[in-house]
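Enquirer: any chance you could fold what I've pasted below:
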Amino acid sequence: MARQASRTSAQSSDYYFEFATKYTLEERKEKDKQCSDVIGILTHMKPIESKITKRNTATDIREIEIMIPEGDKIRVTLWGRLAHHLSEDVIGHQTVVIVTSTMVQKFYGLSLKSTSATRLYTNLDIPETWDLLHSHSTDEILPKMMELDKSTQGTMEEQMFYRRRTLQELTGVRHDNPTNQVIASKVF
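Expert: Model (predicted):
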């Protein structure tokens, strides 16, 4: 959580962050009780897309991927007005992103989602930003655009077209699964 710091002559920063480590994020996954702040270098970004929420209203979202200081990559989903905070101008330029007050979820690995309290900062002039920038060469990590997943576009009927599987494919998944992992599917 980011808080406005009280001004003293010895302070050089206007904000105070409690950046979560990967270990802390793992502990907090699927627990909607504690928000997490993260800092990382932007590695990928998707174009803004419109989603229908559970309340049947349209909202904009943008997915980004950041590399946190431990070197792991985490996907962050920015909802509503935050989806417009990052412009495509950052593509090709090393950018440090701070995302505050996020909720941790387990979705294809570790991912974060924004909340109504989330704030987004880019290239903030704080020591942690400079540490990240100095630990990676400029050519090593430059953000790239990711393609939108067609299975999440269009009407529900169009989405079902992209997700459909034949019975042969579904039974093949079951028979080709020697580890006896549980495989879940959603039938419409």
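Enquirer: for stretch 79-91, measure first residue to last.
Expert: End-to-end span of stretch 79-91 (C-alpha to C-alpha, to the nearest Å): 20 Å.
Enquirer: for the record, mean pLDDT for that stretch?
Expert: Stretch 79-91 carries an average pLDDT of 87.
Enquirer: report the buried residues of it.
Expert: Residues 79, 82, 83, 85, 86, 90 are the ones in stretch 79-91 that count as buried (16 or more other C-beta atoms under 10 Å). (Each C-beta comes from the backbone N, C-alpha and C, glycine too.)
Enquirer: residues contacting residue 51?
Expert: Applying C-beta atoms under 8 Å, 6 or more residues apart in numbering, we find residue 51 in contact with 58, 59, 60, 61, 152.
Enquirer: by neighbour count, which of those wins?
Expert: Highest neighbour count within those: residue 61, with 19 neighbours (other C-beta atoms under 10 Å).
Enquirer: next, that residue: secondary structure please.
Expert: Secondary structure assignment for residue 61 (DSSP: H, G, I helix; E, B strand; the rest coil): strand.
Enquirer: confidence score at it?
Expert: Residue 61 carries a pLDDT value of 91.
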